[in-house]
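Novice: Predicted structure and sequence below. I'll ask about it afterward.
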Amino acid sequence: MNAHIGDDAALYALGALDDAERAAVDAHVAGCAACAGLLGEAERDATRLFACEPQHHVAPPARVRVQSTWTRWRATVSAVAAILIVGFLPSLYLWQQNRSMNAAMNAQAAAMHRLASASFRSADFSGRRARVMYARDGSWYVVIVRDARRALRVVWMHDGNAIDLGAAVPHGNVAMLYLPHSHVMHRLALMEGGRVVAEAQLAYESKSQP
Amino acid sequence: MTARAATLPPPGFGPLLRRSGGSVQVSSADESLEEGFAAHRRWAFDAAYRRYFPLLYSSAYNVLGNAEDARDCVHDALARVWRSPHAYTRARGAVRSFLVVCVRNEAISRVRASGRRTRLAERLAAEPHEHDELRITDTLERDRVRAALAALPPEQRTPLELAYYGGKTHTEISRELDAPLGTVKSRIAIGLRKLAAALGEP
Ligand SMILES: [Zn+2]
């Protein structure tokens, strides 16, 4: 673990390490100036190569957005919340007759509250602009799908089975499903018309860690 | 001194300016940028972002193949750098190549996660039909890289090409070439050093 990085410097600079190997190099060079220098040289070499590639032009945004991905997703979540609240307000008059809708509204409010207050993990779905944000212990999940035109089924891929968890129904062009009480799930998928269109792998902290 | 003052960048364009005891000093731009970056100064971060954005963006685009993903990738990579204040130390050398490699690695991770091929791999596969898309300077540069690669012995060139154009990990390359991991690593390392020397300063 504490070995000097050696030839891994070149692999790091060329992008030939996987995420875990790269993290190990990062951790080592943070405390080893010799290896940091070696890595810097490899990065300079690789950049000479990258600088020969075709140039693409775009105006940079005026300011740096130093924000987490969550901050960007939060705008989406707030938009959903606004739509839900506006959409559901008339139903307040009917709430006694429509307790399920009232429950849905409460659930959405609870999801907002969860995301705003608790620390959580997140994973992107491959194949769709979608993301799941979930509790570190897998006790709750919020699935958000951008650019959703139709309702999508959210399913848990488990032991070769696809277990239906519910529908993410679009409001505007964003669909959302909140699962307040759950257990640990490692693979989620989105289905449209009976077909899996996107999948996400969820990671949890290993129990063996101190 | 007046001639010098006239060349000062506008206020807010951070790194070239350093305030000391009320007077503005012009210091070696790159040195102060590196120092500021190592000290996790916001101005250095902003300045590096402005200065290197075109290169970072192109670098991401060449892996991801579209503007929106490229922009997202640059932002995510830079946000991550900003959130880890100890990622960059002075021993690392130039901030420019540090950031380029950060963005590049972020882009490659994304491509791997999505199971797609890199833009470079697609371009390679699409040839020779894609020529008109390339500008002349790009073609010249590409030929320069080709020539430098061709000058390498095949045992160094092949793993290097699999890493660079193919976006493959060293584990995949060693499996594909049926060569020991250590051998593959050292050949890529030697190959990269020679290639950079042949390409010269960017
Ligand atoms: Zn070391």
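Specialist: That came through, no problem.

Novice: Please look at residue B:159 and residue B:177 and confirm they touch.
Specialist: Yes. Between residue B:159 and residue B:177 there is a contact under CB atoms under 8 Å: 6.3 Å. For glycine as for every other residue, the C-beta is placed from the backbone atoms N, C-alpha and C.

Novice: intersection of neighbour lists for these two?
Specialist: Contact criterion CB atoms under 8 Å, 6 or more residues apart in numbering or on different chains; residues shared by residue B:159 and residue B:177: residue B:184.

Novice: Quick one, grab the pLDDT at residue A:81.
Specialist: Note on residue A:81: pLDDT of 57.

Novice: just so I have it, where are all the strands in the chain?
Specialist: Went with chain A since none was named. Ranges of strands in chain A, per DSSP state E, are A:120-124, A:130-135, A:141-145, A:152-158, A:161-171, A:174-179, A:187-192, A:195-201.

Novice: I was after chain B.
Specialist: Using DSSP E, the strands of chain B run over B:17-20, B:23-26.

Novice: pLDDT score for the residue lying closest to residue B:157 once chain neighbours are set aside?
Specialist: Distances taken as CB to CB, 6 or more residues apart in numbering or on different chains put residue B:149 closest to residue B:157, at 5.5 Å, once the chain neighbours are dropped. pLDDT recorded at residue B:149 is 92.

Novice: And for residue B:192?
Specialist: 97.

Novice: do you know how far it is from residue A:191?
Specialist: Note on residue B:192: its distance to residue A:191, by CB to CB, to the nearest Å, is 44 Å.

Novice: and if you look at residue A:44?
Specialist: Taking CB to CB, one finds residue A:44 at 47 Å from residue A:191.

Novice: between these two, who's got more neighbours?
Specialist: Comparing residue A:44 with residue A:191 by other CB atoms under 10 Å in any protein chain shown, the one with more neighbours is residue A:44, at 21 against 16.

Novice: Am I right that residue B:113 is in contact with residue A:123?
Specialist: No. Judged on CB under 8 Å, residue B:113 makes no contact with residue A:123 at a distance of 9.9 Å.

Novice: the more surrounded of these two?
Specialist: Higher neighbour count among residue B:113 and residue A:123: residue A:123, with 19 against 13, using other CB under 10 Å.

Novice: just to revisit the earlier point, if I follow the layout properly, the residue nearest to residue B:157 ends up in contact with residue B:159?
Specialist: No. Between residue B:149 and residue B:159 there is no contact under CB under 8 Å: 11.6 Å.

Novice: Between these two, tell me which one has more neighbours.
Specialist: More neighbours surround residue B:159 than the other of residue B:149 and residue B:159, with 27 against 21 (other CB under 10 Å).

Novice: Which of the strands of chain A sits closest to residue B:103?
Specialist: For the strands of chain A, proximity to residue B:103 was assessed by CB to CB; strand A:120-124 is nearest, at 17.9 Å.

Novice: Next, the buried residues of the closest one.
Specialist: Using 16 or more other CB atoms under 10 Å in any protein chain shown as the burial criterion, the residues of strand A:120-124 that qualify are A:120, A:122, A:123, A:124.

Novice: likewise stretch B:53-71?
Specialist: Quick answer for stretch B:53-71 (16+ other CB under 10 Å): B:53, B:55-65, B:69-71.

Novice: One more: stretch B:181-196?
Specialist: B:184, B:185, B:186, B:187, B:188, B:189, B:190, B:191, B:192, B:194, B:195, B:196.

Novice: just the helices in chain B please.
Specialist: Ranges of helices within chain B are B:2-6, B:29-38, B:42-64, B:67-83, B:95-114, B:119-126, B:136-150, B:154-164, B:170-177, B:181-199, based on DSSP state H.

Novice: Tabulate those helices in TSV, adding columns for distance to the ion.
Specialist: What follows is the helices of chain B, written out as TSV (distance: least, CB to the ion, whole Å):
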stretch	distance to the ion
helix B:2-6	42
helix B:29-38	18
helix B:42-64	25
helix B:67-83	21
helix B:95-114	17
helix B:119-126	31
helix B:136-150	29
helix B:154-164	22
helix B:170-177	19
helix B:181-199	15
